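K.L.:
fold the following.
(chains A and B)
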Number of protein chains: 2
Amino acid sequence: MGEFGLIDRLTEGLDHTQPSTVVAVGDDAAVLDYPDTEVLVTTDMLLENVHFDLTYVPLKHLGYKAAVVNFSDIYAMNGRPRQITVSLGVSKRFTVEHIEELYSGIRLACSIYGVDIVGGDTCASHQGLVISITCIGDAPRGAAVRRSGAHPTDIICVSGDLGAAYMGLQLLEREKVASAGRPDFEPDFAGKEYIVERQLKPEARKDVVEALAKAGIVPTAMMDVSDGLSSELLHICKQSGVGCRVYEDRIPIDYQTALMAEELNMNLVTAALNGGEDYELLFTIPLAAHDKLHEIPGVREIGYITAPEKGCALVGRDGESEIPLRAQGWNPLAD
Amino acid sequence: MGEFGLIDRLTEGLDHTQPSTVVAVGDDAAVLDYPDTEVLVTTDMLLENVHFDLTYVPLKHLGYKAAVVNFSDIYAMNGRPRQITVSLGVSKRFTVEHIEELYSGIRLACSIYGVDIVGGDTCASHQGLVISITCIGDAPRGAAVRRSGAHPTDIICVSGDLGAAYMGLQLLEREKVASAGRPDFEPDFAGKEYIVERQLKPEARKDVVEALAKAGIVPTAMMDVSDGLSSELLHICKQSGVGCRVYEDRIPIDYQTALMAEELNMNLVTAALNGGEDYELLFTIPLAAHDKLHEIPGVREIGYITAPEKGCALVGRDGESEIPLRAQGWNPLAD
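P.N.:
Take a look at the predicted model:
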C-alpha cells in the first residue's frame, strides 16, 4: 500500500485533544502553539535485539512502552507530555497487521496519558524493527526541574520500587532459553506477574508529578530511573556539584523482585541499584519540604545530599559501612 | 567509553545561538522557550542500505544531509529551523572516529543554518547505522504554510531545478557496480560534479523562504520536493481539494541532469517528475502576487491550480496533449 497509505491507515481516526496541537499528521511538520510555557523535547530510539526481543515482547506492549518511556522523560523535568512523533523502520517480515498492533500500543499509551500523535515517518528497514519517538511537552516558564539543582541537606526521594523491571527481564530471558526448540513450552510466570509487567508494560509517574504540584513541593533536581539508581544519582550529583548518602535499607524493593533475585542467586541490592527501566522518579527536595512529603503516596526518602567532597556512597545496613556508588547501569554501548 | 562518554565527546563545545534554547544536551529533555510563535516539529529516519549506501556516501556528507532534509521540512512550512535532536544507532564496525565524522557533518549543517543541537540518544545497533533526527522550528502565529491552501488560478512555482539528485544517484550506483572487485578503480565524475553534489550534499532553500518574506509573498500552499514533483503536486492538490496543470517545457532541469539521462538512456521528464531528494520548494501563490515573483531569484512558474474536476495533468510540449500525473515517486516501502 506504500508509505502514505500505511501512514493514513495507522493514523486514521486519531483525535487531537491538546489545545497546543494546531496541525498534526499530514504536512511537512506539525504546528504547535505554546504561548505561555516552555517547550520540553526528548527523544528515544529503540532497536530490535538491542532494546527489545520480539521472542517475548508483544508488539502492542512494545508500542506502549516506547511511548511511555518518552513521557517519563518529560515528567522527569516536572513537565507534562503533549505530543509525540513516531518514526518506524519496518522490515519485510512484518505485515501491516503487525505494524497496526505496534501502533495500537502507542495509541493506547497516548490515549491514557492524553498525548497527541502529530507526525512521523514510516520506512522500509533491512535491519529489523526500529522505533524512534520524540515527545514534546511543556512546563510553566521557569518550572522545569533540571538535574543540576540539588543542594547539600536536600532529601533524596524515589517513587515506587526498584529492580523489578530488571528482574522481570532476567525471568523472561530464562524462559526464552528454556523454551528454545520446544514449541509446546509454556512459560510459568505464576507469582511473578508484577516483575514481568514492570518489564513489558512500564508506566510513567504522572501521578507523582501531579501530587508534588498539589502538595506545593518543587523538587530541586529530578530524573527518571531508566539506567539504574546508581547511575542516575551520580548524574544528579555530578551536574549539581554535590555528593550523597543513600541507605541500603531504605531502597524500596518489591517482594517479587526479592524472590526472583534469590531464585536466580543474584545480589538483590546490586539489582535494585543497577537494574534499569523502572521509570520511577528520583528527586531531591529541600529539607523544609519534608513535612509535606507524606502527601505524596508511594514515595520514599532514601538518603540525603552532601557537600561534594563527601563523594557518593551507599550506607550499609549496619548504618556505618560505606560503599562508593558506581555507575554499572544498563548500557547498550558497553556490550 | 560508554554512551555518556560518547555523547559528551560528540557534543563537546557545542554553542547555542538560538534565544529559544534554554536547556540543551544533558538533561531528561531539552527546554525551549517559544513565547510569541507557533512551534513546528518534523522528524526523519535514515537507515543504512535503505536511505544511504556507505560505499559511496562519505559519513560527513551523510550527517550534513540528515540534518538539512529536516531543515527543509521546516522551511517548507514557511518556518525557520531552530533546534534538532539526534538519535544514532551504531553497529560495532563503526569506530568513535567514524561517529565523530558523521556528527561533524551534522554540526556543520547546524552551524551554517544557525540551528542548535539540543538532545539525542546514542545506542548500539546490531543492524548497521540508524539516524533519526527531529527538528523544531517556529513561525509567527498563523504564518505556517500548509499543503491545503491552494486555490484555483493560483500559480504553481518551483525553486532551483529538478531530477539532479536522482540522476546523481544513478551515476553513483553505476560507478559502484563498475568498481566492484576493483580496488584500484577511480570513479569518473568529471563534468557531473553538480548532480553528484545534489545527491550527496543537498541544501535546504532557506534563501527562497527569506526572499518570499522580503517580497511580501505568502504562499497559499508549500512543500519540499523530497519524493518527486508528481507526488508532491498530488499531495497539495488532494489536501487543497483542487486540480492542476503543469507544463512539461517549464520544468527546470539542469544540463548535467539532461546529459546524464541521455547517457543512461532514461526519460528526462520522468526523472524530473519522479526523481526525489531535490529538496527544492514547490509552492502556490495567488495570481495577484505574480508581479512580485521576479524578486525571488531562481524560482520558476511551472503551471497553475484548477478546479478539482479538471484533475492533475502534465501538458506536453505541443501545449495541448495532457498526461495525468501519477505518484511514481521514490518510495522506500514499495521495494
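K.L.:
all helices of the stretch 101-250 of chain A, in order?
P.N.:
A:164-179, A:193-200, A:206-215, A:229-240 (DSSP state H, counting those that start in this stretch).
K.L.:
so which of those is the most surrounded?
P.N.:
Mean neighbour count (mean count of other CB atoms under 10 Å in any protein chain shown) peaks for helix A:229-240 among the helices of the stretch 101-250 of chain A, with a mean of 22. Where C-beta positions appear, they are placed from N, C-alpha and C, glycine not excepted.
K.L.:
what's in contact with that helix?
P.N.:
Here helix A:229-240 makes contact (CB atoms under 8 Å, 6 or more residues apart in numbering or on different chains) with A:146-151, A:156, A:158, A:162, A:220-221, A:223-226, A:242-244, A:246, A:251, A:272-274, A:276, A:282, A:284, A:305, A:308, A:312, A:325-329, B:26.
K.L.:
avg pLDDT for it?
P.N.:
Averaging pLDDT along helix A:229-240 gives 95.
K.L.:
gap between it and the chain center?
P.N.:
16 Å (CA atoms, centre = their mean, to the nearest Å).
K.L.:
for residue A:159, what are its contacts?
P.N.:
Contacts of residue A:159 (CB under 8 Å, 6+ apart): A:205, A:208, A:280, A:281, A:296, A:298, A:299, A:300.
K.L.:
need those residues in CSV with secondary structure and pLDDT, can you?
P.N.:
Listed next are the contacts of residue A:159 as CSV, based on DSSP: H, G, I helix; E, B strand; the rest coil; pLDDT from 0 to 100:
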residue, secondary structure, pLDDT
A:205, coil, 97
A:208, helix, 97
A:280, coil, 97
A:281, strand, 97
A:296, coil, 92
A:298, coil, 92
A:299, strand, 96
A:300, strand, 96
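K.L.:
just the buried subset of those, please.
P.N.:
A:205, A:208, A:280, A:281, A:296, A:299, A:300 (16 or more other CB atoms under 10 Å in any protein chain shown).
K.L.:
now do the contacts for the third one.
P.N.:
Read it as residue A:280. A:158, A:159, A:160, A:161, A:162, A:205, A:224, A:225.
K.L.:
now swap in the last one and tell me
P.N.:
If a contact means CB under 8 Å, 6+ apart, then residue A:300 has A:157, A:158, A:159, A:250, A:252 as its contacts.
K.L.:
for residue A:183, the count of nearby residues, please.
P.N.:
5 (other CB atoms under 10 Å in any protein chain shown).
K.L.:
so it versus residue A:190, what's the distance?
P.N.:
Distance of residue A:183 to residue A:190, given as CB to CB, to the nearest Å: 21 Å.
K.L.:
same thing with residue A:311?
P.N.:
From residue A:311 to residue A:190 the distance is 43 Å (CB to CB).
K.L.:
ok and the residue in the stretch 51-200 of chain A nearest chain B?
P.N.:
Scanning the stretch 51-200 of chain A for the residue nearest chain B gives residue A:127, at 3.2 Å (criterion: CB to the nearest CB).
K.L.:
give me the number of residues near the nearest residue to that residue once chain neighbours are set aside?
P.N.:
Sequence neighbours aside, residue B:127 is the residue nearest to residue A:127 in space, at 3.2 Å (criterion: CB to CB, 6 or more residues apart in numbering or on different chains). The number of residues packed near residue B:127 is 23, by other CB under 10 Å.
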